[in-house]
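Chemist: Whatever this is, show me its structure:
(chains A and B)
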Amino acid sequence: MLRTFVRRGISGIAVVMGVVTLMFFLIRIAPGDPALLLVGPTATQEQLAAQRQALGLDRPLPAQYAAWLGRFVRGDWGSSIATGRPVRTMISQAWPATVSLVGISLVLSYLIGIVVGAIQATRGGRLDTTLSIVTVTLFAVPGYWLGLMLVMVFTYWARALPSFGSAGFDADFLTGWDRVADRLRHLALPLATLTLIGIGGTARYVRGAMLDVRHAPHVSIARAKGLSPLHVTVRHVLRNALIPVLTLLGLSLPALFSGAVFIEAIFAWPGVGRIMVEAVGARDYPVIMAATAVSAALVVVGNLLAEALTAWADPRLRVAQPSAGTA
Amino acid sequence: MGKPSGRALLHDSRARFGITVLTLAVLFALLAPLVAADPSVQRDIVATRFLPPLSTDLHGAFHLLGTDRFGRDVWARLVFGARVSLGVGFLAVLLSVAIGLVVGAAAGFWQGRIGVMLLGLTDFALALPRVVLLLLLASLWQPSAALVIVVLGLTGWMTIARLVHGEVRSLAVRPFVESAVALGVNGPRVLVRHILPNALTPVIVASALGVGNAIMLEAGLSFLGLGVQPPTPSWGNLIASGRDTLVNAPWVATAPGVALVLVVMAATLLGDAVRDRLDPAGRR
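Modeler: Predicted coordinates for the structure are as follows:
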């Protein structure tokens, strides 16, 4: 068991290293010169060359890569080309915002999605059809558009919720409950957007998984023993149906982080996604690299957690046996 | 594994909805010049800007979905944008399917070192944060529809490869394949003539779902200004252009969003219906 996780951990690190290596070379082969952006279009050739030398861009690619990798692994992530701020500071200030937004929405969308999917699979009939229409709609709605619609309704029409940033401009002067309330009001719209979309996918999946399990022999036996329908649903059907759902949780993390990039851009949420969008526009190499590495690492860690959860929920997987060819 | 006969599929309300919406969308996109005026022709801005849906401007032109801040007809932009959005989504998925088919089939058929290598590549690509990669690629090169197609295609082939790999592996040991091998048919021919045709149906389902996803991502990239560039209309940059006028002209952002949701829903539901038909053991 432990050995499996160590192995997965190592392959996770390999994935992160692979991602940053890929990014490093992609950025270098693409057109666009950060030195030119810094010195401006009116600079002389000498100024441009000096700036390139200062950034280390005049050295051969492999040498740049080796030097960069050495510093990166030691935790020296350099400073932003655009703003001059240390990248470590920017990222360490941003990632809690992303993790809290994605984390809370993950928990909420799975809780609500599982309940909705379970209700659909158990009740069937018209309720199932109605909820199916709702969930497939949520599944098909692009996050940025849903975000805009919520802003239109709750910010512009109802004037009830803010749609910019994670705290009000006067947040520093607020204390106690007012401060908490301010935070929650700012969290409401981005969180609702991300959660609503998540519910669609989860509910659809839970419904399918539960319908698959419903006719399994152990469920018929549980019914035959005279257990109450609720007990059978929760303990025998749902529990088994949740195993693929937990696997899905791991697989859906990259998508969730991707969604968060758009949501952060819409709501000016001060997270890693927003930093990335801004850095990409400014060709801010150090920031792009760090933000990419952090997103990849978050996804890898999330996958490991999901795998651990799956192993916890499914005793069969605890015997660390490599299964052959799962299609 | 029964083939999904068209008539049986029509008994499924999800399939009917999917086919109707997709057919209409494709028809409108193809016949755009017939059902709407060319949106790039600039008319009287002052007389026609910010007209609400179902209104007629001073020149007598009717605007089904209203007009935007430049007085352009939203319906016309939507229909011409459908050409771009549907086209990009469709071509991107075509590229994904092509790459996924080759990688998956090769990995499933030559299970030795090649297979392990290709599967490793697939798993690595699956672990990449797709939107991060999309953002990066789309921002490094000059944004254009062609770039979006390539980028979406290059980042979307992995699920197809996985599917094809699984199918090919299970088909490779079936008697009809073994008999083809025994008859002396060479490897690539066995793969192309005997195995792949039987592995295609789940790929078609996955592509239907993929088209919806690709259209959504194209819109996302265009929304961030990294995809199709205005004034060429695409549903994504239409939504983006309506973002600033949410207060006084909410229809500009609403209409393309609704169209997007309908098309993605249609692709998803049609995919669901075909999958359930193919897999008689499950669902219902």
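
Chemist: When you work out contacts or count neighbours from here on, use the C-alpha atoms and nothing else.
Modeler: Will do.

Chemist: that's a helix at B:L65, yeah?
Modeler: No: B:L65 is assigned coil when assessed by DSSP: H, G, I helix; E, B strand; the rest coil, not a helix.

Chemist: ok, and the closest non-adjacent residue to it?
Modeler: Of all residues not flanking B:L65 in the chain, B:P53 sits nearest, at 4.1 Å (C-alpha to C-alpha, 6 or more residues apart in numbering or on different chains).

Chemist: is it true that the one you found touches B:D73?
Modeler: No: contact criterion C-alpha atoms under 8 Å: B:P53 and B:D73 do not qualify, at 9.6 Å.

Chemist: Please tell me the pLDDT value assigned to the residue of the stretch 51-200 of chain B found nearest chain A.
Modeler: Nearest residue of the stretch 51-200 of chain B to chain A (C-alpha to the nearest C-alpha) works out as B:G166 at 4.5 Å. We have a pLDDT of 84 for B:G166.

Chemist: Where do the helices of the stretch 1-150 of chain A begin and end?
Modeler: A:2-29, A:34-39, A:45-55, A:61-73, A:87-123, A:125-140, A:143-150 (DSSP state H, counting those that start in this stretch).

Chemist: picking that back up, surely the residue nearest to B:L65 is in a helix?
Modeler: No: applying three-state DSSP, one finds B:P53 to be coil, outside a helix.

Chemist: Point out where the chain drops to low pLDDT.
Modeler: Going with chain A. Across chain A, the ranges flagged by pLDDT under 70 are A:1, A:31-32, A:34, A:169, A:171, A:251, A:316-327.

Chemist: My question was about chain B, not that one.
Modeler: Along chain B, segments meeting pLDDT under 70 span B:1-7, B:39-44, B:139, B:279-284.

Chemist: So which residue is smack in the middle of the chain?
Modeler: With no chain named, the answer covers chain A. For chain A, the residue nearest the mean C-alpha position is A:F257 (2.1 Å; C-alpha atoms, centre = their mean).

Chemist: right idea, wrong chain: chain B
Modeler: Closest residue to the average C-alpha location of chain B: B:V211 at 2.1 Å, with C-alpha atoms, centre = their mean.

Chemist: correct me, but that one touches B:G89?
Modeler: Yes: in this structure, B:V211 is within contact of B:G89 by C-alpha under 8 Å, at 5.4 Å.

Chemist: Around chain A, which positions in the stretch 51-200 of chain B sit nearby?
Modeler: Counting by C-alpha under 8 Å from any C-alpha of the partner chain, the stretch 51-200 of chain B comes close to chain A at B:124, B:127-132, B:135-137, B:139-141, B:162-163, B:165-167.

Chemist: Which ones among these map onto helices?
Modeler: If you go by DSSP state H, those have B:124, B:127, B:130-132, B:135-137, B:139-140, B:162-163, B:165-167 in helices.

Chemist: Name the member of those residues that has the highest neighbour count.
Modeler: Using other C-alpha atoms under 10 Å in any protein chain shown as the neighbour test, those are led by B:H165, with 29 neighbours.

Chemist: ok, it to B:R189 distance?
Modeler: According to C-alpha to C-alpha, to the nearest Å, B:H165 stands 17 Å off from B:R189.

Chemist: Next: B:A240.
Modeler: 49 Å.

Chemist: ok, those two, which is more surrounded?
Modeler: It is B:A240, of B:A240 and B:R189, that has more neighbours when counted by other C-alpha under 10 Å, with 23 against 12.

Chemist: Quick check: that one is in a helix.
Modeler: Yes: B:A240: assigned to a helix according to three-state DSSP.

Chemist: quick one on the thing from earlier: report the contact partners of the residue nearest to B:L65.
Modeler: B:H63, B:L64, B:L65, B:G66, B:T67, B:W251 (C-alpha atoms under 8 Å, 6 or more residues apart in numbering or on different chains).

Chemist: again, only this time at 10 Å
Modeler: By C-alpha atoms under 10 Å, 6 or more residues apart in numbering or on different chains, the contact set of B:P53 is B:F62, B:H63, B:L64, B:L65, B:G66, B:T67, B:D73, B:V74, B:W75, B:A249, B:W251, B:V252.

Chemist: Of those - the most surrounded one?
Modeler: B:V252 (31 neighbours).

Chemist: Does that residue belong to a helix, a strand or coil?
Modeler: Secondary structure for B:V252, judged by three-state DSSP, is helix.

Chemist: can you check B:P233 too?
Modeler: The three-state label given to B:P233 by three-state DSSP is coil.

Chemist: Near the residue nearest to it when sequence neighbours are not counted, how many other residues are there?
Modeler: Closest residue in space to B:P233, ignoring its immediate chain neighbours: B:G81 at 4.6 Å, by C-alpha to C-alpha, 6+ apart. Here the number of neighbours of B:G81 (other C-alpha under 10 Å) works out to 23.

Chemist: Checking B:G81 next. Helix, strand or coil?
Modeler: Following three-state DSSP, we place B:G81 in the helix state.
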